[in-house]
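S.K.: one predicted model, sequence on top.
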Amino acid sequence: MTQTPQEQFDNALRAGGLDAAAVAALATRGLELRLIPTPARAGDVPAESADIEKLPDFPAVSDWYRSVSRGFLDPEPDEKGLSARFAAAVSRRNIGVFDAATAQPQLPIGTFGSFVTELTVPGEVTIPAFAITAVTVAATHRRRGIARAMMEGELRAAVAVGLPVAVLTVSESSIYQRYGFAPSAPAATWVIDRKRAGFTGPATLGRVDYVSREQFRELAPKLHDRIRLSSPGEIIPTPMHWDRFAGTLPGSKNADALRFVQYRDAAGDVQGLVVYSLREHDTDYSKTGFDVSLMMTANDEAYAAMWRYIFEHDLIGDITMPLRSVDEPVRWMLADQRAATVTVVDHQYVRILDVAAALESRAYGSAGRVVFEVTDPLGIDAGRFALAVDESGRGVVTRDVSDEADATLSAVELSALLIGGTSAQTLVSAGRLSVTSVGVAAQLDAMFLTATEPRLSFWY
Ligand SMILES: CC(C)(COP(=O)(O)OP(=O)(O)OC[C@H]1O[C@@H](n2cnc3c(N)ncnc32)[C@H](O)[C@@H]1OP(=O)(O)O)[C@@H](O)C(=O)NCCC(=O)NCCS
């Protein structure tokens, strides 16, 4: 059977072994870097937890997850949670750093996980991406360069197999720019005072119905797959992410409180899904909170219908919806726009690993030629690159050109520009991008900025 590009990268990464420089850097501190074996395919995982627990790799994978939970301040996972996580670790590349001198030497003191995914870039296309997750260092071992050794080594491992970009979401935002990552798609949390808002959204012809947890779990990946290309910044959620949304992952927070709703259009096709829970008010039942954990809609009609469903819910005070755009159409469905409060944070981080492959993957809004002088904090890909975009919006990159650079920037700012949500003129004003003339920044914005604000609908 022919492999998809994603499977090819998966296999190459897993076959690639550890980065020798990272192994050596950690060995000088008396630490050992190891690959944690994970199942290659879903078919390698038995259906029953009792059978998973008998697998030879189960103890090592479980200890790795115990360390991840400890690092993220989560409670100790139970056996059921561990077997579910073992099953979810299909095609993952997980590494651990071990200190033989600790009281529990089987538990890694450093963890770093990754999986291969597709990042949506402008033009309704994707680029293969190295997605990073579960980066933790035990509180007993912090600030000694362990995270840096893992990050540098794993980025080199991704480069070695030809992955052109890396992506991650963060718990702390001050850490990752030093490695070349840029906050590229923000996340806006909308809180709306329902009674004050005066919802004016359009009427729709389809119908809204409750669905079961299992029906949602079945429908959600398919709907996401239909819509992810229209949203730069999205990646493909793994089965574990869908289990978390559905509350079907053992140990999922708030699972019993979740409700699931679908929107079907007049033709009967599912065009929208919402997952939410209700938050009781201490003293006033008419001020119950409506907390949305996910809303996915394939078109404007489904979007309006889902918001109408939420607004028409009785006994609701405030509506909270995280991981949305700043420029949501719902603002224009409110008679009183001040009923909405929007808080914005950095969310999807992108790091270019191969400048030519990354810049050539996307479509551009305008023709033009720009010469970039790119520096790289980790020395992964740097130099002078010419990007020439033709009238159809396709770009061709030439390396090592001798022309004078129009724009000088590091991998961080170039990564921020890649998916179209960051303005070059803003970066110039912030002193993060230098250009030979004001016209260059305007030209970059005409080429790179997208009409659709980049967005990522989940954490990973
Ligand atoms: C974040 C974490 C992985 C860092 O591990 P660490 O081994 O202490 O990090 P390092 O010693 O390798 O430090 C790497 C660099 O990041 C900086 N850094 C590390 N933690 C930082 C923090 N919390 N805030 C700001 N900077 C931080 C260090 O100063 C260092 O900078 P330098 O190399 O430029 O001097 C660790 O503190 C941790 O596990 N935190 C809890 C879990 C978590 O938040 N993980 C991150 C998920 S996004």
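M.R.: Perfect, I can see it now.
S.K.: what is the end-to-end distance of stretch 242-260?
M.R.: End-to-end distance of stretch 242-260 (CA to CA, to the nearest Å): 13 Å.
S.K.: identify the residues contacting it?
M.R.: 77-78, 80-81, 84, 88, 210-217, 220-221, 237, 240, 273-278, 293-294, 458 (CB atoms under 8 Å, 6 or more residues apart in numbering). Heads up, the C-betas are built off the backbone N, CA and C, glycines and all.
S.K.: filter these down to the ones in helices?
M.R.: Those of the contacts of stretch 242-260 mapping onto helices are K80, G81, A84, A88, R213, E214, Q215, F216, R217, A220, P221, M240, per DSSP state H.
S.K.: model confidence for the fifth one, exactly?
M.R.: Looking at R213, its pLDDT reads 97.
S.K.: how many neighbours does the nearest residue to it once chain neighbours are set aside have?
M.R.: Nearest in space to R213, with sequence neighbours left out and distances taken as CB to CB, 6 or more residues apart in numbering, is A246 at 5.3 Å. Neighbour count of A246, defined by other CB atoms under 10 Å: 22.
S.K.: helices of this structure, residue ranges please.
M.R.: Going by DSSP H, the chain shows helices at 5-15, 20-27, 49-53, 58-71, 79-88, 146-160, 194-197, 213-227, 239-246, 300-311, 355-361, 411-418, 424-429, 438-448.
S.K.: how about the first one: buried residues?
M.R.: Under the neighbour-count criterion of 16 or more other CB atoms under 10 Å, helix 5-15 has Q6, F9, D10, A12, L13, R14 buried.
S.K.: show me what from the stretch 1-150 of the chain comes close to the ligand.
M.R.: With the criterion set to CB under 6 Å from any ligand atom, the stretch 1-150 of the chain comes near the ligand through G71, F72, V135, T136, V137, R142, R143, R144, G145, I146, A147, R148.
S.K.: was I right about T452 contacting L229?
M.R.: No - with contact defined as CB atoms under 8 Å, T452 and L229 do not form a contacting pair (10.8 Å).
S.K.: picking up where we left off before, next, format the residues of the stretch 1-150 of the chain next to the ligand as JSON lines and append pLDDT.
M.R.: Converted to JSON lines, these look like this (pLDDT from 0 to 100):
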{"residue": "G71", "pLDDT": "96"}
{"residue": "F72", "pLDDT": "94"}
{"residue": "V135", "pLDDT": "98"}
{"residue": "T136", "pLDDT": "98"}
{"residue": "V137", "pLDDT": "98"}
{"residue": "R142", "pLDDT": "97"}
{"residue": "R143", "pLDDT": "96"}
{"residue": "R144", "pLDDT": "96"}
{"residue": "G145", "pLDDT": "97"}
{"residue": "I146", "pLDDT": "98"}
{"residue": "A147", "pLDDT": "98"}
{"residue": "R148", "pLDDT": "98"}
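S.K.: from the residues you listed, pick the one nearest R362.
M.R.: Comparing those against R362 with CB to CB places V135 closest, at 27.0 Å.
S.K.: next, count neighbours for that closest one.
M.R.: Other residues close to V135 by other CB under 10 Å number 22.
S.K.: what does L409 give?
M.R.: By other CB under 10 Å, 23 other residues sit near L409.
S.K.: contacting residues around the closest residue to it other than its chain neighbours?
M.R.: Closest residue to L409 in three dimensions, ignoring its sequence neighbours and counting by CB to CB, 6+ apart: L433, at 4.7 Å. Residues near L433 by CB under 8 Å, 6+ apart: A407, T408, L409, E413, A424, L427, A441.
S.K.: go with 10 Å
M.R.: 372, 407-410, 413-414, 416-417, 422-427, 440-441, 444 (CB atoms under 10 Å, 6 or more residues apart in numbering).
S.K.: brilliant, that's me finished.
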